[in-house]
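Novice: sequence and predicted structure, then a few things I'm wondering about:
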Amino acid sequence: IIHNEEDFVSMRNAGKLAASILDFITEFVKPGITTDELNTLCHNKIIENNAIPAPLNYKGFPKSICTSVNHVVCHGIPSEKKLNEGDIVNIDVTVILDGWHGDTSRMYYVGKKIPIKAKRLVEVTYEAMMRAIEIVKPGVPLFEIGRVIEDYIKNFNYSSVREYCGHGIGRDFHTSPSVLHYYDKRNNIELKKGMFFTIEPMINTGIWKTKLLNDGWTVVTKDNSLSSQFEHTIGVTDNGHEIFTQSPKNLDNPPYS
Ligand SMILES: CCc1ccsc1-c1ccc(O)c(O)c1
Ligand SMILES: [Mn+2]
Ligand SMILES: [Mn+2]
Ligand SMILES: [Mn+2]
């Protein structure tokens, strides 16, 4: 789908709201809070801003945000489980504002004593996402995104999850193209001005393989290694890209704690 300037305005508004929800939740991410409490705080803030949380009832998902802790790769379900000192947690927010989707996620540190290995994974994941975003412009083949991510993370012996990917987005939550976070030369769609999609790499300290828990949602690393993810919603512009979900408050200083 190729969008026009009016659509860019709509996506800027949706993306800005989604980023503001992640800014808002930052101060609540502390040892002892439950992920369900974070869900309630985000849900209410989204509703207060006349928007809708896209995950709620999407394919039957039971909550308004995803919270993925430590070795959970993605789609963690907010629950009564408390966050603990030393945890790393991804909070993934998608809002629907006037029919347009803004989809973004960040890693948060729980408490002050974060293992150095976890910190490095988080910082490398953010840098991998930003390096991929940097190469987005018309004419570039889609597979460059996966290539840039893998070329960078392999220096750390990390792996990029292959079973879940980024996606086209706009009036729909998920549409084409699939944005692979690993190199596959068959993914040779050419980027064009007016394309909207997410880049949301999931990086593991161990192997890339994942498994699905019995709740039908929670994705975990197969080898129980740590996993980290960041996500931005991007638009392809005349000569480059625009990040719709960047927050003016915390611009480029990850990770959030
Ligand atoms: C919880 C929403 C959901 C349900 C099935 S896939 C999915 C999801 C979660 C986070 C995302 O960034 C995304 O693009 C999709
Ligand atoms: Mn998301
Ligand atoms: Mn997404
Ligand atoms: Mn840029």
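Specialist: That came through fine. Ligands and ions are numbered 1, 2, ... in the order given.
Novice: hey, what's the spatially most central residue of the chain bridged with?
Specialist: Central residue of the chain (Cα atoms, centre = their mean): Glu231, 2.6 Å from the mean position. Bridge pairing for Glu231 (DSSP bridges) gives the partners Ser105.
Novice: didn't it look like it was pressed against Thr198?
Specialist: Yes: checked against Cβ atoms under 8 Å, the pair Glu231 and Thr198 is within contact range at 5.5 Å. All C-beta spots, glycine's among them, are computed from the backbone N, C-alpha and C.
Novice: common neighbours of the two, please.
Specialist: Contact with both Glu231 and Thr198 is made by residues Asp103, Gly166, according to Cβ atoms under 8 Å, 6 or more residues apart in numbering.
Novice: what is the neighbour count of Ile2?
Specialist: Burial of Ile2, expressed as a neighbour count using other Cβ atoms under 10 Å, amounts to 10.
Novice: how about Arg120?
Specialist: 14.
Novice: what of Ile234?
Specialist: Residues contacting Ile234 under the criterion other Cβ under 10 Å number 27.
Novice: mind pulling up the pLDDT for it?
Specialist: We have a pLDDT of 98 for Ile234.
Novice: what does Val161 give?
Specialist: Confidence score, pLDDT, at Val161: 98.
Novice: biggest helix in this protein by residues?
Specialist: Residue-count comparison of every helix in the chain, with assignments taken from DSSP state H, identifies helix 5-25 as the longest.
Novice: CA-only coordinates of that helix in CSV, if you can.
Specialist: Output of helix 5-25 as CSV, limited to C-alpha atoms (Å, rounded to 0.1, in the frame of the first residue of the first chain):
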residue,chain,number,x,y,z
GLU,A,5,0.9,13.1,2.6
GLU,A,6,-2.5,13.2,4.5
ASP,A,7,-1.8,9.6,5.6
PHE,A,8,1.6,10.7,6.9
VAL,A,9,-0.1,13.3,9.1
SER,A,10,-2.4,10.6,10.5
MET,A,11,0.5,8.2,11.2
ARG,A,12,2.5,11.0,12.9
ASN,A,13,-0.4,11.5,15.3
ALA,A,14,-0.9,7.8,16.0
GLY,A,15,2.9,7.2,16.3
LYS,A,16,3.3,10.2,18.7
LEU,A,17,0.5,8.9,20.9
ALA,A,18,2.0,5.4,21.0
ALA,A,19,5.4,6.9,22.0
SER,A,20,3.9,9.0,24.7
ILE,A,21,2.3,5.9,26.3
LEU,A,22,5.8,4.3,26.5
ASP,A,23,7.1,7.6,28.0
PHE,A,24,4.2,7.6,30.5
ILE,A,25,4.7,4.1,31.7
